[in-house]
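Chemist: Provided below for reference: sequence and predicted model.
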Number of protein chains: 2
Amino acid sequence: MKRVALILAGGKGTRLWPLSREKFPKFFLKFEKDKSLIQESFLRLKGFFDVKDIFIASGGEYRYLIKQEIERLGFKYPLENILPEPVSRNTCSAITLGAFYFKNRFKDAIMSVFPADHIIKPYSVFHKALEKANSCALRDFLVTLGIKPDYPATGYGYIKAKVARLKAKNKKAKVASPPDRRAGLKAKKYYEVERFIEKPDIKKAKRFLKEGGYYWNAGIFVFKVSKILSEIEKFMPEIYNKFQKWNGKDFTYLEKIYTDLPDISIDYAVMEKSKDIALVPFSGIWSDVGCFEEFYKILKKDKSGNVISGRVLNIDSKNSFLLSDEERQLVTLGVNNLVVINTKDATLVMKNGEGQKVKKVFEILKNDIVTKEHKLVIKPWGWYKVLEDKPGYKVKILGVNPGERLSLQKHKYRDENWIVIKGEAIVTLDKKNIRLKEGESVNIPRGVLHRVYNPDRKRILEILELSRGEVIIEEDIIRLEDKYER
Amino acid sequence: MKRVALILAGGKGTRLWPLSREKFPKFFLKFEKDKSLIQESFLRLKGFFDVKDIFIASGGEYRYLIKQEIERLGFKYPLENILPEPVSRNTCSAITLGAFYFKNRFKDAIMSVFPADHIIKPYSVFHKALEKANSCALRDFLVTLGIKPDYPATGYGYIKAKVARLKAKNKKAKVASPPDRRAGLKAKKYYEVERFIEKPDIKKAKRFLKEGGYYWNAGIFVFKVSKILSEIEKFMPEIYNKFQKWNGKDFTYLEKIYTDLPDISIDYAVMEKSKDIALVPFSGIWSDVGCFEEFYKILKKDKSGNVISGRVLNIDSKNSFLLSDEERQLVTLGVNNLVVINTKDATLVMKNGEGQKVKKVFEILKNDIVTKEHKLVIKPWGWYKVLEDKPGYKVKILGVNPGERLSLQKHKYRDENWIVIKGEAIVTLDKKNIRLKEGESVNIPRGVLHRVYNPDRKRILEILELSRGEVIIEEDIIRLEDKYER
């Protein structure tokens, strides 16, 4: 049966603020070797699936950015493989969306579901587990990958496999209890699941580790499209029924139904209720890098136990995670067991171990620009960077990628000036095209239609933009034409 | 006899980086109630001296800034009261400069010398001590103010008064040993000095506090101009002789001699050698706020022992000094006993107690812009702020104060664009004057003479400046006319 992958690029990663932002979710964060987490996730699957069979479900606003991010790995990736979710509605909706899409396109298939922002190593061990999970799914199980715990984590949910109970009751009876329909598959390759367990306290977690048979729930699932759909129909008809009329092609239709979908995870909605759950163990390295402590744990430390990255001058500190943007100087002096994250506009200083509270920061500052986006904002056409944002005016630099153009737009409440810093620009101003060289500028009064195009095939075009007006917000853009369908 | 004050606005305050910078010395730092340390110093003396009798010795580049800073307190302050030092050459040279200046202008006077960057309270107690010191100086003593220590500080030098020895030898003989020439002054108002002592270790400092009769050396001195000059002639002829030919008016003459003057403090050069030293005790609040720990000590703490100022979100931290620029968000989570100083371009995170090492940071980063100046640079005509500094270009905002103008200048290696953000500008461009309104811009190719003037009497003029070129440095300014004699 055909095998397809569905990467869920959903969660914001609020516990990784100020690296992650409302509009710059965790999966865009760079990890080792300058690869973002979503690039990592993609590379990890590329050895197991055909590129064209890897699909990504994500917020529509990220579609072009994700495509670019994947193609930066060096190959073509079709835009239609990125399934746009109108709003974020948790994993049950996203998986239903994927399953209906696959059903429409492939009739049936074995679909594997992966979060976009985890770290899993080594690839070979992971692929072996996937292979087992696919075989098992073929026999109409909902298969979950269980991560063999190596420490009593309190930040993860656990899954108890049936083998554990056997083991606990009778130490000699170390026999797996495979699902009934295993039909010739070897024992111990997968287990029946006894139950799903919420994040435990440290006492429980220690017991789990000691008893054995408990696995971390990594949110990685493998099942037949037909099987998961029948289970969703059974346990979550309110989701299933809304999708039933969808033809699997018309994504504007989804905009009508999506907001009303319940915000529920596939774990709660289906996995914990279904009788046909199997677990395939994975004993490689896995981390959800959900908080800075997890990040620190997985990175290589220096002799003093520090992870140091970026423009940092450290004197006499130890056991610390010190990260700084290149545009800012971080100096640390004699600190211990600290996490310091220094970005262009915000700095987090916390004691190692307080990582769960970062979520709180995100909530307290939720109306502040520092939780919404970075100073440098990646756009489908390039990027912009906010240099100054004061009452009455705003200064930005726009970086337009070779051959790219912004939307044809106008503003109601602001006048703009553009000066070309680098490269050459073709500026459309009220139907007229003007060619601007470095140092040349143009005045754009409010209400006047304008757009900029970088005609060069190689060089980036950089423009200094001054906006003046009482209200200067991103929302004050009236778009008439847009290459990126915004 | 006439009484004059000389404020020495010299030291950089390298241990207060990143608040202080090479070109933004400690005395400009804001303290409580938004007053800078030099403003505080001035206000403290205003009740004792006539404003016209308060003089300030400082680097020539700070003359206009200091005048502005003083006048922000609400009165006129003559520019000629700020004595420009061509380069920084420690306190002996600065005091000799002041003494010769006073000799020339007033023949003789009692001069009191104060650092520009200390905290002293309350004023009334301080003025009483000054009064005593002036009486004593009239009798040809070199008087030093001794601060009664209230804890065993290791960061200050000590002065041992003679009374201390008496006290130690014979506990009953708690009698002051006033200078011979006291002539009717009451005992205990001042003491003879036994010796000056370098910063001690904690053991010694504790002993000093226990024994009594030891005072902190605050660098505050009172003496007759004639007396200090005769002592400098005796102990530091290499400085005295160089100044002897100076007429006390021609400051360009000083430029010739100043670089060759020895870099020596008045303590080493004279006070420790002279036989005619007296000490007047001061038992009010005093701090040299020389490092962040001193700063923290003197500021008001909240219930958790924190001093928090600026844009800080703190959750569960204690005993910490947390300071942030309004343009950046600082978040602290569960930290203890920490100092975090978050400025526009640099962040210092240090364990409370490591404050002496900040000087090291200043040395290590001495070629870096972050130790040289702030992003916001105060100028005699207003200010400029660096928004972006990249290879090939630089973006700034210039704020021109009402009625002010920049120098008539040109650049060899850069082209500039100016756009008016706020206010109205009169731009001189190659002998032509152009009036620019908000949103209007001008192109300034390299080599073309230009200047900007703010004709408004009330509003500040703000200009967005883009510089483009291979080399963009402040040094590339050829000035033809300058209101501020640069």
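Modeler: The structure has been received and is ready for your questions.

Chemist: for the rest of this, base every contact and every neighbour count on C-alpha atoms.
Modeler: Fine.

Chemist: is chain B within reach of stretch A:413-430?
Modeler: Yes - Stretch A:413-430 reaches chain B (CA under 8 Å from any CA of the partner chain) through A:415, A:416, A:417, A:421.

Chemist: hang on, the second one is in a helix, isn't it?
Modeler: No - when the secondary structure is assigned by DSSP: H, G, I helix; E, B strand; the rest coil, residue A:416 falls in strand instead of a helix.

Chemist: tell me how far it lies from residue B:12.
Modeler: 42 Å (CA to CA, to the nearest Å).

Chemist: interface residues of the stretch 1-150 of chain A facing chain B?
Modeler: So the stretch 1-150 of chain A never meets chain B (CA under 8 Å from any CA).

Chemist: repeat that with 10 Å
Modeler: Counting by CA under 10 Å from any CA of the partner chain, the stretch 1-150 of chain A comes close to chain B at residue A:18.

Chemist: do a quick rundown of the helices in the stretch 1-150 of chain A.
Modeler: Taking DSSP state H, counting those that start in this stretch, the helices of the stretch 1-150 of chain A run over residues A:37-46, A:63-71, A:90-106, A:123-138.

Chemist: among those helices, which comes closest to residue A:461?
Modeler: helix A:63-71 (18.0 Å; CA to CA).

Chemist: quick one: low-confidence ranges for chain A?
Modeler: For chain A, the stretches flagged by pLDDT under 70 are A:33, A:163-188.

Chemist: could you point out the longest strand in it?
Modeler: Longest strand in chain A, counting residues (DSSP state E): strand A:214-224.

Chemist: buried ones in it?
Modeler: A:214, A:215, A:216, A:217, A:218, A:219, A:220, A:221, A:222, A:223, A:224 (16 or more other CA atoms under 10 Å in any protein chain shown).

Chemist: and the angle for it with helix A:90-106?
Modeler: 30 degrees (axes from the mean of the first three to the mean of the last three CA atoms, to 10 degrees).

Chemist: looking at the stretch 51-200 of chain A, which residue is nearest chain B?
Modeler: Closest residue of the stretch 51-200 of chain A to chain B, CA to the nearest CA: residue A:155 (18.4 Å).

Chemist: wait, does the host helix or strand of residue A:331 contact chain B?
Modeler: If you go by DSSP states H and E, residue A:331 is part of strand A:329-333. Yes - contact of strand A:329-333 with chain B (CA under 10 Å from any CA) involves A:329, A:330, A:331, A:332, A:333.

Chemist: hmm, the helix or strand following that strand touching chain B?
Modeler: Sequence order places strand A:338-342 as the next helix or strand after strand A:329-333, per DSSP H and E. Yes - Strand A:338-342 reaches chain B (CA under 10 Å from any CA) through A:338, A:339, A:340, A:341, A:342.

Chemist: elements contacting strand A:338-342?
Modeler: helix A:292-298, strand A:307-310, strand A:321-324, strand A:329-333, strand A:346-351, strand B:329-333, strand B:346-351 (3 or more CA pairs under 10 Å, 6 or more residues apart in numbering or on different chains; DSSP states H and E).

Chemist: show me how far that strand is from its chain's centre.
Modeler: Taking CA atoms, centre = their mean, to the nearest Å, the mean C-alpha location of strand A:338-342 is offset from the chain mean by 22 Å.

Chemist: what lines up beside it in the sheet?
Modeler: strand A:321-324 (parallel), strand A:346-351 (antiparallel) (DSSP bridges).

Chemist: show me what counts as buried in the helix or strand following the last one.
Modeler: If I follow you right, that is strand A:346-351. Using DSSP H and E, the helix or strand that follows strand A:346-351 in sequence is helix A:358-364. Using 16+ other CA under 10 Å as the test for burial, helix A:358-364 gives A:358, A:361, A:362.

Chemist: same thing with stretch A:294-311?
Modeler: For stretch A:294-311, by 16+ other CA under 10 Å, it's A:295, A:296, A:301, A:305, A:306, A:307, A:308, A:311.

Chemist: now, among those, which is nearest to residue A:455?
Modeler: Residue A:455 lies nearest to residue A:311 out of these, by CA to CA, at 35.0 Å.

Chemist: pretty sure residue A:153 sits in a strand.
Modeler: No - assigned with three-state DSSP, residue A:153 falls outside any strand and is coil.

Chemist: give me every residue that touches it.
Modeler: A:199, A:200, A:201, A:202, A:204, A:205, A:206, A:208, A:209, A:216 (CA atoms under 10 Å, 6 or more residues apart in numbering or on different chains).

Chemist: same thing with residue A:342?
Modeler: For residue A:342, the contact set (CA under 10 Å, 6+ apart) comprises A:18-19, A:310-312, A:322-330, A:348-349, B:330, B:342, B:346-347.

Chemist: torsion angles phi and psi at residue A:469?
Modeler: Dihedral pair for residue A:469: phi 170, psi 170, per degrees, to the nearest 10.

Chemist: how much space between it and chain B?
Modeler: Residue A:469 sits 10 Å away from chain B, going by CA to the nearest CA, to the nearest Å.

Chemist: how many residues are close by that residue?
Modeler: Residue A:469: 16 surrounding residues under other CA atoms under 10 Å in any protein chain shown.

Chemist: measure the closest residue to it other than its chain neighbours to residue B:417 for me?
Modeler: With CA to CA, 6 or more residues apart in numbering or on different chains as the criterion, residue A:469 has its nearest non-adjacent residue at 4.5 Å, and that residue is residue A:414. To residue B:417, residue A:414 is 21 Å away according to CA to CA.

Chemist: what do you get for residue A:200?
Modeler: 61 Å.

Chemist: between these two, which one's more packed in?
Modeler: Taking neighbours as other CA under 10 Å, residue A:200 and residue B:417 compare with residue B:417 leading, 21 against 17.
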